[in-house]
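S.K.: Need coordinates for the below:
(one chain, ligands or ions: 2)
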Amino acid sequence: VHENRPSSSIPCLPRLPVLGSLPWLGGGLPPHLLFTRLAHRYGSLFALYLGPHYTVVVNNHQHAREVLLQRGRDFAGRPSMVTTDLLTRGGKDIAFSDYSPLWKSHRRLVHNSFTLFGEGTGRLQDIVLSSVDSLCVELMSAGCRGFDPSPAVTRAVTNVVCQLVFSATYRHGDAELQEVIQYNNGIVQTITRGGLVDIFPWMKIFPNECLSKLKECITVRDRLLTRKLEEHKALLSDGDPCDLLDALLKGKSESGRGQKSPGSEEERITDDHVLMTAAEAFGAGVETTSTTLLWILAYLLHHPEVQERVQKELDENVGSERPVCMSDRSRLPYLDCVINEGMRIRPVSPVLIPHTAMTDSSIGGHSVSRGTRVLVNMWAIHHEPRHWDKPDLFNPDRFLDNQGQRVTPSYFLPFGAGPRVCVGESLARLELFLFLSSMLQRISFSLPEGAPPPNLQGRLGVVLQPLPYKVVVAPRAGLGGRIQL
Ligand code: HEM
Ligand code: PLO
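M.R.: Ligands and ions are numbered 1, 2, ... in the order given. The predicted structure is shown next:
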């Protein structure tokens, strides 16, 4: 077939000098929708120039699996961008750092540290359960008025991450927690991925309001995290690590011991790396989890029958006498499907993070040269009508087979795959499961009287977020307050 001819070139949008294909990308559509539309015209694999950067856009799952899995190593690079370089001190993090041996050992260290607090220990479960308790109390205190659930959900998720990363528990209204939430919001608003400065790095020499706000937020973040780091260093002991910062500090000195050559100073995991990792676990941990929860809540308001079915499953398999725990997960398949369907229909990261080709390689039999940027349009893959029946319909049953067993299709990849797969996947899944099951066990969500159901269009910032909406909460009938609210 045509696709197997190795040297045929990928269909490309027109381009002008300097601007590249930008004049053909107008119309104000966010990238995932724009690319999906362009794929109808140019085919599911096409190329364009973002300013000077030749960029290949992948819109179907076979090509995505080639890029992420089969040739995952070839495409595990990341482009350098002005805003993310500022955010990460020039790539001393995981997500925005280019592929290198140091990145690999850093990523492994982070992964191991996460596993340490993962499902095995039960500690993480306790952290999440206590945070969800306070969330339920806070939600219930709104009485029967309609309110925006977003601040309370964000606060609860931030609290989990604060405990996980540096063992801080905050009470409602704590000044330090407020500071964290504020700087994080500032970064989210100013670091719009794919913004102009990231296409034309030379634009940073012009005064740029966004860039200076971003710098301010980063300063606040660094002050707070440096303080936490110093406190942890002072208390560092030989026992088991008590949080992520502790684990990173311990792992860092262990990884240093193995390396003998004194000349390779820059090849080490440094304090800067530890700081950037903590900051990133924070940012990723808060934005993705709270956004996914808010999307799922929004869909439950549209589909009260789904909420009732989840609650029925909870009543039959857990009951109301005890809190839900991780070992209940296998007994609650429908809830799992609801979570998957939420991440399918509204992926928080609809075009993943840009990848780059580290060597000459190929996609779908077309050669792709080193340095090419590759965008994987997960939105298009999650809405491909050939694979998903009525892709725009929220239908958790599509993740169950005829026998009622859970299935995970190969074209469902909300966390990406391969060398760059999300490092927080198991943490995220644990949080989503415990938050939703605990909330729905105790509370029913509905629309305020006369209010329209949430707008499901979403707004793309650093993640794809739902627009603000209001809910009314009610304690579950028949619960009789047996689980302490
Ligand atoms: C990367 C999704 C939660 C940390 C990613 C990527 C996706 C993703 C799509 C990019 C993959 C790629 O570029 O190919 C999600 C979703 C989440 C979630 C849907 C929750 C619902 C988390 C959490 C953490 C986290 C809780 C950490 C606390 C990271 C990091 C990367 C990443 C560090 C970069 C990995 C790398 O570049 O090597 N995530 N994520 N994520 N995620 Fe998550
Ligand atoms: C969110 C704002 C924080 O202050 C910094 C931060 C760090 C990691 C980013 C995250 C932000 C947004 C979501 C990202 C995450 C890394 C992986 C994750 C991009 C910018 C996703 C969904 O890809």
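S.K.: CA atoms for contacts and neighbours, from now on please.
M.R.: Fine.
S.K.: Which helix or which strand is home to W103?
M.R.: Here W103, judged by DSSP states H and E, is contained in helix 101-116.
S.K.: Return that helix as CSV; C-alpha atoms alone will do.
M.R.: Below are the C-alpha coordinates for helix 101-116, written out as CSV (Å, rounded to 0.1, in the frame of the first residue of the first chain):
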residue,chain,number,x,y,z
PRO,A,101,20.6,9.5,30.7
LEU,A,102,20.2,11.9,33.6
TRP,A,103,16.5,12.4,32.8
LYS,A,104,16.1,8.6,32.7
SER,A,105,17.6,8.1,36.2
HIS,A,106,15.7,11.1,37.5
ARG,A,107,12.4,9.7,36.1
ARG,A,108,13.2,6.3,37.7
LEU,A,109,13.9,7.9,41.0
VAL,A,110,10.5,9.7,40.9
HIS,A,111,8.7,6.6,39.8
ASN,A,112,10.2,4.6,42.7
SER,A,113,9.4,7.3,45.2
PHE,A,114,5.8,7.3,44.0
THR,A,115,5.6,3.6,44.3
LEU,A,116,6.8,3.8,47.8
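S.K.: contacts for that helix?
M.R.: Helix 101-116 is contacted by residues 94, 97, 244, 247-248, 251-252, 267-269, 277, 423-424, 427 when judged by Cα atoms under 8 Å, 6 or more residues apart in numbering.
S.K.: Mark which of those residues are buried, thanks.
M.R.: By neighbour count, with 16 or more other Cα atoms under 10 Å, the contacts of helix 101-116 hold 94, 97, 244, 247-248, 251-252, 268-269, 277, 423-424, 427 as buried.
S.K.: Where is pLDDT lowest across the residues you listed?
M.R.: The pLDDT minimum for the buried ones among the contacts of helix 101-116 sits at K252, where the score is 80.
S.K.: Run a quick neighbour tally on the closest residue to F147 other than its chain neighbours.
M.R.: Leaving aside its sequence neighbours, F147 sits nearest to K470 (Cα to Cα, 6 or more residues apart in numbering; 4.7 Å). K470 is flanked by 19 other residues according to other Cα atoms under 10 Å.
S.K.: list the contacts for K470?
M.R.: With contact set as Cα under 8 Å, 6+ apart, K470 has these partners: G146, F147, D148, P149, L447, P448, P454.
S.K.: The second one bridge partners, please.
M.R.: Partner residues in beta bridges with F147, using DSSP bridges, are V471.
S.K.: Let me see the mean pLDDT of the helix or strand hosting E230.
M.R.: Taking DSSP H and E as the definition, E230 sits inside helix 209-235. Helix 209-235 comes out with an average pLDDT of 90.
S.K.: Can you show me the CA trace of the next helix or strand after that helix as PDB?
M.R.: Later in the chain than helix 209-235, the nearest helix or strand by DSSP H and E is helix 244-258. Extracted C-alpha coordinates of helix 244-258, given in PDB (Å, rounded to 0.1, in the frame of the first residue of the first chain):
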ATOM      1  CA  LEU A 244       8.100  12.500  48.400                       C
ATOM      2  CA  LEU A 245      10.600  15.200  49.200                       C
ATOM      3  CA  ASP A 246      12.300  12.900  51.800                       C
ATOM      4  CA  ALA A 247      12.400  10.000  49.300                       C
ATOM      5  CA  LEU A 248      13.900  12.200  46.600                       C
ATOM      6  CA  LEU A 249      16.600  13.600  49.000                       C
ATOM      7  CA  LYS A 250      17.500  10.000  50.100                       C
ATOM      8  CA  GLY A 251      17.400   8.700  46.500                       C
ATOM      9  CA  LYS A 252      19.500  11.600  45.300                       C
ATOM     10  CA  SER A 253      22.400  10.800  47.600                       C
ATOM     11  CA  GLU A 254      22.200   7.100  46.800                       C
ATOM     12  CA  SER A 255      22.300   7.800  43.000                       C
ATOM     13  CA  GLY A 256      25.300  10.100  43.700                       C
ATOM     14  CA  ARG A 257      27.200   7.400  45.400                       C
ATOM     15  CA  GLY A 258      27.300   5.200  42.400                       C
END
